[in-house]
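# quick check, what structure comes out for this input:
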Amino acid sequence: MTTQNLPTSTGEGSEKQALNQRLEAISWALFLIMLGGIGLIPDALVPEGAWLVGVGLIMLGLNLARSLINIPMSSGTLFLGALALIAGLASIFGVDLPIFPIALILLGLNALGKAFFAGSVE
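Numbers count the residues shown, from 1 in each chain. A predicted model of the protein is given here:
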């Protein structure tokens, strides 16, 4: 969840950069609150992959918010968010997924996305 290299020469660019920083701060706050909340609940009540699902949803939600307000999405948080969500859901449902091959597929899809949609995903 890092700040994007947004243009700062115009008022709109610096406004978007400030908004992106706020979105990232909100995401970090949600992450910490989620981890603290999961830590307070007895282990027997929390599925093993719940934190991964939470991380994935936060990262993907951050990029959805960016997209809705015309801020470039981060391919890094898209990749990690999708991977965390897939791994978390697999853990919750007791499915043993080959995470490394899935990561390679997601990296390949990311490269294709960059090639086809240059400029829309950073």
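# where do the strands sit along this structure?
With strands called from DSSP state E, the chain shows none.
# give me the low-pLDDT residue ranges for it?
Applying pLDDT under 70 to the chain picks out residues 1-10, 119-122.
# ok, now how distant is residue 15 from residue 24?
As judged by CB to CB, to the nearest Å, residue 15 and residue 24 stand 15 Å apart. (Each C-beta comes from the backbone N, C-alpha and C, glycine too.)
# these two - which one has more neighbours?
Between residue 15 and residue 24, counted using other CB atoms under 10 Å, the more crowded position is residue 24 (18 against 12).
# residue 63 is in contact with that one, correct?
No. Checked against CB atoms under 8 Å, the pair residue 24 and residue 63 is beyond contact range at 11.1 Å.
# top helix in this protein by residue count?
Longest helix of the chain, by residue count under DSSP state H: helix 11-40.
# for the residue nearest to the spatial centre of the chain, which non-adjacent residue is closest in space?
Nearest residue to the geometric centre of the chain (CA atoms, centre = their mean): residue 59, 2.0 Å. Once flanking residues are discounted, residue 59 sits nearest to residue 81: 2.9 Å by CB to CB, 6 or more residues apart in numbering.
# I'm done for today, thanks for sticking with me.
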